[in-house]
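**Student:** Pasting the sequence and the predicted coordinates here, then a few questions.
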Amino acid sequence: MNYTTHSPTPHTHTPGNVNQFMRQVLLAMLPGVVVLHYFFGAGVLFNVFVAMAVALAAEAWMLRLRKKPMRLFLSDCSALITAALIAVSLPVGVPWWLVAVGAFFAIVIVKHLYGGLGQNVFNPAMAAYALLLVAFPMQMTSWPAPAGEFHAAPSFVESLRLFLGLASSDINAIDAMSAATPLDTLKIEVNLGYTAPEAMTQLHWGAWQWLNLAWLVGGVYLLLKRIIRWYIPVSMLAGMLVVASLFYFIAPDRVAAPPFYLFSGATMICAFFIATDPVTAATSPKGQIIYGAGIGILLYLIRVLGGYPDGVAFAVLLMNLTVPTIDYYTKTRVYGHPAS
Amino acid sequence: MSIPTLTPFPGGLLLPAHKENATQSPIINAAMPQRLIFPLQYPAQQHHTVPAVPQVSVGDTVLKGQCIAQGDTPNTSCIPVHASTSGTVMAIEDHPVPHPDDTHTRCIIVEPDGQDKWITRKKADVTTLDNDVIFDRIAQAGIIGQGGAGFPCIDKLHSQDKAIHTLIINGAECEPYICCDDSLMRERADTIIEGTRILQQLLKPEHCYLAIEDNKPDAIAAVQKAAKDTAIDIIVVPTRYPIGGELQLIQTLTGQEVPSGNNPTDIGILCHNVGTVAAVYHAVALDEPSLSRIITLTGDSLDKQGNLEVLIGTPIDSLLDEMGVNRDTLSQVIMGGPLMGFAVHDLNSPVLKTTNCLIAATREALPPPKAEMPCIRCGRCEPVCPASLLPQQLYWYARDNDAKALTEYNLFDCIECGACAYVCPSHIPLVDYYRKSKHHLRQAADEKARADKAKQRFDAREKRLVEQAAARDARKQGGDKQSAIAAAIARAKAKDAK
Ligand code: SF4
Ligand code: SF4
């Protein structure tokens, strides 16, 4: 007989645990990775590989320092998700050390120095992204031109050379490869005095539409699997749609039509994979709706009015700061207490 | 008939029922055990009650229904203890009793003689009985709320100075596995209805509802039949855990919430379990104390599963043996349901009047707890909380032992239903944290009360001494006594202020 006498209530439990949820998230990222690979070459795979390796090593190191059970915590996959998010957010074709610095910073500084899983205030992936953007603006804003009519994605070997930093002496190679993203182009052209509709004819939006669609597909999968709840993604996209419509209504020659913003840059990955990070988001449904809408609105404002073409990292980090306040003001009325 | 519109309570869970196995066959009588164990005090109640005083000695013979222990003064909150069959008192000693912590309590141990010989009972026509007599019979019968929390039935009724406008009989039985109330309603609906009518006669409520979850069609039909031509409304409520919780049922039926820190009777509502009202019928009409109850015996480690009528005091072990327990697969025995019940430490412990279910679980059915992971703040715990608390915040503050925040986040409104812990993907034993925190806070409050009292006493003594000294001075100087005292007090106060 294997009789146990102390087990805490309840004695039964929903199936599913943190690890399984996290693994589902990784699975849901596959379509996005495939599209990135199709348009930008194998660099994305190197990014993912190095980010994960560094993140796991850093996580293990920190767990050891903090004397936490290694196997249990490593298997929760949360470091892998942070790593994957950094890897797919960075431009494809950045050198390896940039990825490594990002992953290391995210895990060691943002996550563990704030107390580990569940305690960090800032989304580790986005904090790392913001750091890299400020420290290495050149590398962080040079996305290669997507594969298309005029040229193919870099070959595996080319990608590897870029990644290892061996191609950097060949200025022409980089130049040929990097191109302004649609969000960059729009911003530059409008600043040069063209109208937004004119600018739209200049840019190649296709790859980014596909990419956003791929993240959307993964996101819907997570929704169907009940890994994430709809509050944050829906409110974020809705928030963005509302301000975008408003701006479009007021100044149609300065900004593009709302769908452009929804399907460019990192909008969809932010809505479903980044903003939904449970640790750094608001908790109650009402709070999450406010939090999500805030990110959507900020993201749009940064893109249109701010200095950076995309603004996911800053929008998310800013809203991270507001979470305690949101949580405080969205407290529900407790049973047996008068409405306050 | 006045059917109320139902108000859904927030949160809650849809749970797999697991009731099929035990509801196949009718209620059977459990075999007479080798010995019966009667705790002098209810383990769950040790804070509110005092132990009963044995009225018998070792070697005495006792009859079925004989009071073998009771309070020594009439007004102590003490539940009388009755022998549930005839036999001999073998011992009065400490014995393990079922409790979440491994607890021993003083118990009277009786060896049955197999005759099951009753004391003399005086049956009564209830309609002719005075309220005082009814109260008395209920008090003497030692009835305890059979739903779970186990409040003495009479205590709830004694709040009758507050007029009761709504009487609710709880047949919801929302926890998985448990189906003793279901079988009671199916097979003994008349007893329940008669018991309810006694309470109606006593309290004269405007409304009387008997609530049953909609997953028990047979019970609903049986009770509806028995309640025909009575002023009892059978209300079918949706199946959702924890609708059987008193506060949630009240909210569902009346739309009212019991204000925090109050009892339902404070807002004119009295809630009793179906088993309790059946016991009321036995006590008042048949003059039989609470001696047995129906218990669901279930779980994959048992050969046979079903609902048994069990004598109070029967050792759990003998029930398990009777149902053909497989000790190789048995991993734990849960008393109560899988959400709110607890693992029994010692299988020699007796069943209590509050024991509604024993689950002889295999490892597969109710696996041991998984490793606790950190909270990932996923928020799953929040929408399921029937009290609209923030389980996650409570958890963080419980970890930090932050008494102020715990109070601010209304820890004491947590009904410990376990819905939050049930859905937590990090497998955090949230309810355990809350229980411990409540315990700490109560202890701190007790200590503070004690310290305050001591300080009061100390201050009073100081004041007295000052006054005495002043009076002495005044006498010596032959001066004005009052002003001397006033001056002395002013001096003492000034010293205090510094
Ligand atoms: S369900 Fe568990 S992990 Fe999720 S927020 Fe609640 S306590 Fe934290
Ligand atoms: S155990 Fe307490 S906090 Fe958790 S769901 Fe139930 S009432 Fe809410």
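**Tutor:** Good, I have the coordinates. If you're wondering where the values come from, they're calculated on a predicted model, not measured in any experiment. Ligands and ions are numbered 1, 2, ... in the order given.

**Student:** how about the residues of chain B that lie near ligand 2?
**Tutor:** B:384-387, B:389, B:391, B:414-420, B:430-431 (Cβ under 6 Å from any ligand atom). Heads up, the C-betas are built off the backbone N, CA and C, glycines and all.

**Student:** If we use 8 Å, what do you get?
**Tutor:** B:11, B:242, B:381, B:384-389, B:391, B:394, B:413-421, B:430-431, B:434 (Cβ under 8 Å from any ligand atom).

**Student:** Helices - which of the residues you listed land there?
**Tutor:** B:391, B:394, B:419-421, B:430-431, B:434 (DSSP state H).

**Student:** what's the most distant pair in those residues?
**Tutor:** B:394 and B:419 (13.0 Å; Cβ to Cβ).

**Student:** These two - which one has more neighbours?
**Tutor:** residue B:419 (26 against 23; other Cβ atoms under 10 Å in any protein chain shown).

**Student:** and the spatially closest residue to that one that is not a sequence neighbour, what does it touch?
**Tutor:** Residue nearest to residue B:419 in three dimensions, not counting chain neighbours: residue B:384, with 4.3 Å by Cβ to Cβ, 6 or more residues apart in numbering or on different chains. Shown in contact with residue B:384 (Cβ atoms under 8 Å, 6 or more residues apart in numbering or on different chains): B:11-13, B:419-420, B:422-423.

**Student:** Identify the residue of the stretch 151-300 of chain B closest to ligand 2, quick one.
**Tutor:** residue B:242 (7.5 Å; Cβ to the nearest ligand atom).

**Student:** Give me the neighbour count for that residue.
**Tutor:** Residue B:242 has 27 nearby residues by other Cβ under 10 Å.

**Student:** before we move on, what about residue B:229?
**Tutor:** 6.

**Student:** and it, how far is that from residue B:125?
**Tutor:** 18 Å (Cβ to Cβ, to the nearest Å).

**Student:** how close does the closest residue to residue B:40 other than its chain neighbours get to residue B:39?
**Tutor:** Leaving aside its sequence neighbours, residue B:40 sits nearest to residue B:51 (Cβ to Cβ, 6+ apart; 4.3 Å). Residue B:51 sits 9 Å away from residue B:39, going by Cβ to Cβ.

**Student:** which residues do these two both contact?
**Tutor:** B:105-106.

**Student:** what about these two, which has more around it?
**Tutor:** residue B:39 (28 against 18).

**Student:** my guess is that one contacts residue B:352, does it?
**Tutor:** Yes - Residue B:39 is within contact range of residue B:352, at 7.4 Å (criterion: Cβ atoms under 8 Å).

**Student:** Identify the contacts common to the two.
**Tutor:** residue B:97.

**Student:** remind me which residues of the chain are low pLDDT?
**Tutor:** All of this is about chain A. In the predicted model of chain A, residues A:1-6, A:71-76, A:117-118, A:148-152, A:166-179, A:340 satisfy pLDDT under 70.

**Student:** not what I meant, chain B
**Tutor:** Answering for chain B: the residues below the bar, that is pLDDT under 70, span B:1-2, B:43-49, B:74-77, B:148-150, B:159-161, B:478-485, B:487-489, B:491-498.

**Student:** all helices for it, in order.
**Tutor:** B:131-140, B:153-157, B:180-187, B:189-203, B:217-226, B:246-254, B:274-285, B:316-322, B:391-400, B:403-408, B:419-423, B:430-477, B:481-497.

**Student:** how about those, which one is nearest ligand 1?
**Tutor:** Among the helices of chain B, helix B:391-400 sits nearest to ligand 1 (Cβ to the nearest ligand atom), with 4.0 Å.

**Student:** hmm, the closest one touching ligand 1?
**Tutor:** Yes - Helix B:391-400 lies within reach of ligand 1 by Cβ under 8 Å from any ligand atom, at B:391-392, B:395.

**Student:** what angle do that helix and helix B:430-477 make?
**Tutor:** 60 degrees (axes from the mean of the first three to the mean of the last three Cα atoms, to 10 degrees).

**Student:** who in the stretch 151-300 of chain A is up against chain B?
**Tutor:** Residues of the stretch 151-300 of chain A lying close to chain B by Cβ under 8 Å from any Cβ of the partner chain are A:229, A:278-281, A:283-285, A:288.

**Student:** Can I get those in TSV including distance to ligand 1?
**Tutor:** Listed next are these as TSV, based on distance: Cβ to the nearest ligand atom, whole Å:
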residue	distance to ligand 1
A:229	12
A:278	7
A:279	9
A:280	12
A:281	11
A:283	7
A:284	11
A:285	13
A:288	12
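
**Student:** So which of those residues are in helices?
**Tutor:** Among those, the members that lie in helices (by DSSP H) are A:285, A:288.

**Student:** Output the residues of the stretch 151-300 of chain A next to chain B in TSV, with neighbour count appended to each entry.
**Tutor:** Output for these, formatted as TSV (neighbours: other Cβ atoms under 10 Å in any protein chain shown):
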residue	neighbour count
A:229	18
A:278	24
A:279	22
A:280	26
A:281	27
A:283	24
A:284	23
A:285	18
A:288	27
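
**Student:** returning to what we had before: who's in contact with the residue of the stretch 151-300 of chain B closest to ligand 2?
**Tutor:** So residue B:242 contacts B:12, B:174-175, B:248, B:339, B:386, B:415, B:417, B:419 (Cβ under 8 Å, 6+ apart).
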